[in-house]
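Q: Any chance you can model this:
(one chain, ligands or ions: 1)
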Amino acid sequence: MPDNSTVQTLEPKPSTAGTFRAAWPYLRAHRGIVTAAVLLSLVSTFAVVMMAPAVGFATDALVDRDGQRLWVGVGLFAGLVVVRMLLLRNAEIALTRAGERFVRDLRERAIRHLAAAPLRFIEAHRSGDLLRRTTGEITDMAGFIRQDLPDLVGAVATSVLTAIVLCTYSPLLALVVIGVFTVPMVVISRWFSKDAGDAYGGEAAAEATVVATFTEGLAAREMLLQTGSTDSWIKRAQRDSDSFLDSVRNLVRVENRLHLVALIEGLTMAALLLFAGWLAVRGEITVGTVVVFVLASRNLFESLTQVVELVSRMQSTRVNLARLLNLLNVTRTGLPSARAEGSAVPLRGELVAHGVSYSYVPNVEVLHDISVRFTPGTRTGLAGRTGSGKSTLAKILTGLYVPDRGTVRFAGLDVTDIPVSVLRRRIVLVPQQVHVVAGTLADNLALVPDDPGRSDVARAVSALSLDGWVARLPNGLDTELGSRGESLSAGERQLIGLIRAALVDPAVLILDEATADIDPETAARIEIALDRLRSDRVLIVIAHREATIERLPTLVRLNEGRVV
Ligand SMILES: Nc1ncnc2c1ncn2[C@@H]1O[C@H](COP(=O)(O)OP(=O)(O)OP(=O)(O)O)[C@@H](O)[C@H]1O
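A: The predicted structure follows:
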C-alpha cells in the first residue's frame with residue numbers, strides 16, 4: 001500500500017541523464033514511421049552531398065574541354081536536385097508526423113496520470129508547476145520536433161556522408177579539414193554542454209514559478225482585493241520575474257559560447273584553400289577536387305554548426321522531457337490497479353475504519369489509531385473542534401487519502417483495492433466548497449460517474465425538491481454559471497454538490513459541512529430528502545451546528561485526531 005507520509009514530489013530540475021533512453025518506450029509505438037522518415041532523409045541527404053562531386057566532375061570536364069563529360073556532370077547535378085526536392089519534403093513530413101504523434105501520446109498520458117494522481121500529490125504541488133509541465137513543456141517539445149528535429153536528422157546525415165565523400169577524394173586533405181575544424185569544435189561544444197543542462201533546467205523551473213505565482217494570485221484575487229494585499233502579490237511576482245530574467249541571462253551567456261564556431265569555420269576554410277591550392281599546383285589533385293573540397297567543406301561546416309546549434313536546442317527539449325517524464329513516473333502509482341473486479345464490489349455494505357493513522361507531514365500525525373464502524377441504514381454525525389481531523393478522516397473514508405497505518409474497508413474490501421471508477425459510485429463525499437466548472441448548470445450537475453442524461457438530472461433536482469430554485473435561475477438548467485461559478489452564491493454551489501450526490505445515490509454519503517452555507521430550513525429539508533432516497537445508506541454528516549448534530553441519532557466526536 002502506498003505510504004502517504006512519503007508522497008512522492010516532483011523535482012524542480014530533474015537530472016537529464018538517460019532522458020532520451022527513458023523516453024524510448026513512449027516512442028516505440030511509432031518506430032515504423034520514424035524508420036521510414038529517417039531512411040527518406042538519408043537518401044535525400046545523400047543526393048545533396050553528391051552535388052559537390054557532380055560539380056567537381058563537371059569542372060574537370062571543363063578543364064579538359066570534354067563536352068560530353070560536361071553534359072553528364074550537368075545532367076547528374078540536375079537529377080540530384082530533383083531527387084532531393086522530392087524526397088526531402090516527404091522525409092520532413094514523415095518525421096514531423098511521427099514527432100507530433102509522440103507528443104500527443106505524452107500529452108494524453110500526462111492528463112491521464114494527473115487525473116488519477118492521489119489528491120495528496122496534487123495538494124503538495126503548486127498548480128502553476130503542474131500546468132507548466134503538462135502544457136508549456138509539451139508545447140516547447142512539439143515546437144522542437146516540428147521545426148528542428150527534421151533539420152537535425154538532415155544535418156547529422158550531411159556531416160557523416162560529406163566526411164565519407166571527402167575521404168574518398170583525398171584522405172589526407174579530408175583529415176586536415178576535419179581535424180582543424182572538429183577538434184576546437186568538440187572543445188567548444190563540451191564547454192557549452194557542461195552548463196547547458198543546468199541553464200535550461202534553471203530557466204524552465206524559474207518560468208514554472210512565475211506561472212505558479214500568477215495563477216495562484218489570479219485564483220485568490222477576491223481575497224487579495226478584500227485584504228488589500230495585491231501589492232504583496234505584485235512584489236512576489238516581480239521577485240519571481242527577476243529570478244526568471246537572471247536565469248535567461250545565464251542561459252544566453254552559455255549559448256553565446258557556440259558563436260565561437262563561426263571563427264573556427266573561417267580559419268579552417270583559409271587553411272583548406274592554402275593546402276588544397278598547393279597540392280593542385282603540385283599536380284597531386286585536380287582542380288575539380290579542389291572545387292569538391294571547397295563546396296563540400298562549406299556543407300560540412302554548415303551542417304556541423306547546425307548540429308551543435310540544434311543539439312543546444314535539444315538540451316532544452318531534454319529538460320522539458322525530463323520534467324515531463326518525472327511527472328509521469330511520480331504519478332504512475334496513481335493509475336488504477338483494478339485489483340478487485342468492479343462487478344465484485346457489493347452495492348451496499350458496512351464502512352469500517354480500523355486503526356487508521358495519518359500524517360500530512362512526516363512525524364506530525366493528525367489522526368491516531370482511529371477505529372469506527374458505520375453500518376447500512378445509520379446516520380452518524382462527526383463532530384469536533386476545528387483542526388481535530390474531521391475532514392482528513394472524511395477523505396480517508398472516501399479513499400481520497402490512503403492511511404499511513406490501518407485500513408478502510410467497504411463491504412469487507414479494502415477501499416484501495418476497489419477500482420476508483422467503482423469507488424466513486426459507492427462512496428461519495430460532498431465538500432463544503434463545491435467546485436464549479438465553466439458551462440451550464442446541467443453540465444455541472446452531470447459531473448458524476450455514468451454520464452447521466454438530462455432526465456436523470458431533472459429527476460435528482462426534483463428528488464431534493466429543488467425545482468423551484470432551478471426555475472428561478474435565468475435559464476433553468478441551461479443557465480451559464482461563468483468560468484468559476486461566479487454567478488452562484490456559496491449556498492447555491494453547495495446545492496450543486498448535493499444534487500450531484502443524489503444523482504449517484506451512493507451506498508455511503510459523507511457530507512463535510514456540505515450545508516453550512518445554506519439556510520437552516522433548506523439544509524434540513526435537503527439532508528432529510530437525501531437520506532430518504534435510500535434506506536440502506538450509510539450517512540455521515542460532519543457538522544459544527546448543534547441543530548444538525550441534534551438531528552442525527554449517533555455521534556462520533558474527534559479530539560486532536562482521536563475518537564473520544
Ligand atoms: N494539506 C494539509 N497539509 C498539512 N496539514 C494539514 C493539511 N490539511 C489539514 N492539515 C492539518 O491536519 C489537521 C486536521 O485538519 P482537518 O482539516 O482534518 O480538521 P477539521 O476537523 O476538518 O477542521 P475544520 O473543522 O476546521 O474543518 C489540522 O491540524 C490541519 O492543520
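
Q: who touches the one helix or strand in the chain whose mean pLDDT sits lowest?
A: When the helices and strands of the chain are compared on mean pLDDT, DSSP states H and E, helix 546-551 comes out lowest with a mean of 76. Helix 546-551 is touched from outside by Gly381, Ala383, Thr515, Pro520, Ala523, Ala524, Glu527, Val541, Ala543, Leu555, with contacts defined as CB atoms under 8 Å, 6 or more residues apart in numbering. In this view, the C-beta of every residue, glycine as well, is placed from N, C-alpha and C.

Q: Confirm for me that the second one is in contact with Ala543.
A: Yes: Ala383 sits in contact with Ala543 when judged by CB atoms under 8 Å, with a separation of 6.4 Å.

Q: Just want to know which of those two has more residues nearby.
A: Between Ala383 and Ala543, Ala543 has the larger neighbour count (other CB atoms under 10 Å), namely 24 against 21.

Q: For the residue nearest to that one when sequence neighbours are not counted, grab the count of nearby residues.
A: With sequence-adjacent residues excluded and distances taken as CB to CB, 6 or more residues apart in numbering, Ala543 is closest to Ile549, at 5.3 Å. Using other CB under 10 Å, Ile549 has 16 neighbouring residues.

Q: Next, find the distance separating Ile549 from Ala353.
A: 20 Å (CB to CB, to the nearest Å).

Q: Val556 too?
A: Distance from Val556 to Ala353, by CB to CB: 10 Å.

Q: Give me the common contacts of those two.
A: Val372.

Q: Secondary structure element for the residue sitting furthest away from the middle of the chain, which one?
A: Residue farthest from the centre of the chain, counting by CA atoms, centre = their mean, is Arg65 at 64.5 Å. Assigned by DSSP states H and E, Arg65 falls within no helix or strand.

Q: Tell me how far it lies from the ligand.
A: 87 Å (CB to the nearest ligand atom, to the nearest Å).

Q: what's the pLDDT at that residue?
A: What the model reports for Arg65 is a pLDDT of 91.

Q: which residues sit in contact with it?
A: So Arg65 contacts nothing (CB under 8 Å, 6+ apart).

Q: where does the stretch 151-300 of the chain dip in pLDDT?
A: Residues of the stretch 151-300 of the chain meeting the criterion pLDDT under 70: none.

Q: Where does it get nearest to the ligand, residue-wise?
A: The ligand sits closest to Glu216 of the stretch 151-300 of the chain, with a gap of 15.1 Å, by CB to the nearest ligand atom.

Q: is it true that that residue touches Leu131?
A: No: applying CB under 8 Å as the test, Glu216 and Leu131 come out as separate, 10.8 Å apart.

Q: Sticking with the residue nearest to Ala502 when sequence neighbours are not counted, tell me its helix or strand.
A: Leaving aside its sequence neighbours, Ala502 sits nearest to Ala460 (CB to CB, 6+ apart; 4.2 Å). In this assignment (DSSP H and E), Ala460 forms part of helix 454-463.

Q: Which element is encountered next along the chain beyond the helix or strand where Ile33 lies?
A: In this structure, Ile33 sits in helix 31-49 according to DSSP H and E. The element immediately downstream of helix 31-49 (helix or strand, assigned by DSSP H and E) is helix 51-63.

Q: So for that following helix, what gets flagged as buried?
A: Met51, Ala52, Pro53, Ala54, Val55, Gly56, Phe57, Ala58, Thr59, Asp60, Ala61, Leu62 (16 or more other CB atoms under 10 Å).

Q: Surely the last one and Trp71 touch.
A: No: Leu62 lies out of contact with Trp71 (CB under 8 Å); the separation is 11.2 Å.

Q: Tally up the residues packed near the nearest residue to Ile178 once chain neighbours are set aside, please.
A: Nearest residue to Ile178, sequence neighbours excluded (CB to CB, 6+ apart): Ala163, at 6.1 Å. A total of 18 residues lie near Ala163 under the criterion other CB under 10 Å.
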